[in-house]
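In: Give me the fold of what follows.
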Amino acid sequence: MRRFLFVLLLCTAAVAQTTQAPQTPRQALIEMIKSPTPDVVDRHLPAVILAELATLPPDAQRVRQQQTMMLAMGLAMMGVQTYDSGPLLAVIRNPKDGTKVEITVERDELTGDTDAMEFGLRVYKDGKSQDLPVPFRILATMHMEGDSWRLVKIGASASLALDDPKFAQEMVKHIQEQMQKSKQHANGTVVISPAKPN
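Out: Below is the predicted model:
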C-alpha cells in the first residue's frame, strides 16, 4: 500500500510539472528586472549578445555580476511590486519622500513568437498625481528563441504635445526666464536668490 501511495505521489508531481503554464513574455521581462544573478538575465538575452559577453575577461565578468546584484538589491530596497497581468507592470514606492511611480502597460501585442510592449509612467507625490513635463514611453520587444523569451529590443520615446495649454504656458514661462537672465547678464547685474529656510 505504501509503495502504491508513493508511486501515486510521484505521478501527481510529474503531471503537475508537465501542466505548468509556460512563461509569458511579460513574466520573462519581470524576471530579468528582478534577477539577482546574471544567469537569470542571460536566459532572456539573445544568443548574439551572449556570445559577445562570453569574450569578456574574468574581472569584467565579476563587475557585471556585481552590477546585476546591486540593481536587484536596489529594487528590493525600494519595495518594487510587479504584476504578471493587468494594467500595471510595476509600482515603486519611496516612503522617504512620499513618491510612488507606476509603470503602466499601454500596449502588449503578441504576434506569433514576438511580443511588442509599451509602458508609460505615472508619478504620485503624497497621493497626488504629478504632471510629467514630457510624456515618456518605454518600448520593449520580446522574441521566443529556443525555449525562452529573449529581450531583442529596448528603447524609449518622448513626445511634446504642442496643443496642450499647460505645455504652451510652461514654454513661454521658460523663454521669459531665459530672456530675463540674458538681460541681467548683459547689464552686469548679479541676482542672488534668497536662501531657503531650513
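In: Surely V41 forms part of a helix?
Out: Yes. V41 sits within a helix when classified using DSSP: H, G, I helix; E, B strand; the rest coil.
In: tell me the secondary structure for D163?
Out: At D163 the chain is in coil, as set by three-state DSSP.
In: residue ranges with poor pLDDT in this protein?
Out: For the chain, the stretches with pLDDT under 70 are 1-19, 188-198.
In: Helices along that one, start to end?
Out: 2-18, 25-34, 38-42, 47-53, 58-77, 165-187 (DSSP state H).
In: Show me which residues of the shortest one are buried.
Out: Residues of helix 38-42 classed as buried under the neighbour-count rule (16 or more other C-beta atoms under 10 Å) are 38, 41-42. Yep, even glycine has a C-beta here, placed from its N, CA and C like the rest.
In: From the chain's centroid, how far away is that helix?
Out: Relative to its chain's centre, helix 38-42 lies at 16 Å (C-alpha atoms, centre = their mean, to the nearest Å).
In: highest average neighbour count across the helices of the chain?
Out: Among those, helix 25-34 has the highest mean neighbour count (mean count of other C-beta atoms under 10 Å), at a mean of 19.
In: circling back: so which of the helices of the chain is nearest P133?
Out: helix 165-187 (7.2 Å; C-beta to C-beta).
In: List just the nearest of the buried residues of helix 38-42 to M144.
Out: D42 (16.1 Å).
In: Which of the buried residues of helix 38-42 sits closest to L88?
Out: Nearest to L88 among the buried residues of helix 38-42, counting by C-beta to C-beta, is V41 at 22.4 Å.
In: how about that closest one, what does it touch?
Out: Shown in contact with V41 (C-beta atoms under 8 Å, 6 or more residues apart in numbering): 32, 35, 68.
In: Which phi and psi values does the closest residue to the first one other than its chain neighbours adopt?
Out: Residue nearest to M32 in three dimensions, not counting chain neighbours: H44, with 4.8 Å by C-beta to C-beta, 6 or more residues apart in numbering. Note on H44: backbone dihedrals following degrees, to the nearest 10 are phi -120, psi 20.
In: can you give me the offset of stretch 63-83 from its chain's centre?
Out: The answer for stretch 63-83 is 11 Å, by C-alpha atoms, centre = their mean.
In: still on that earlier bit, who wins for proximity to E118 among the helices of the chain?
Out: Ranking these by proximity to E118 (C-beta to C-beta) places helix 25-34 first, at 12.1 Å.
In: so what secondary structure elements neighbour that closest one?
Out: helix 38-42, helix 58-77, strand 81-82, strand 88-94, strand 114-125, strand 136-145, strand 148-158 (3 or more C-beta pairs under 8 Å, 6 or more residues apart in numbering; DSSP states H and E).
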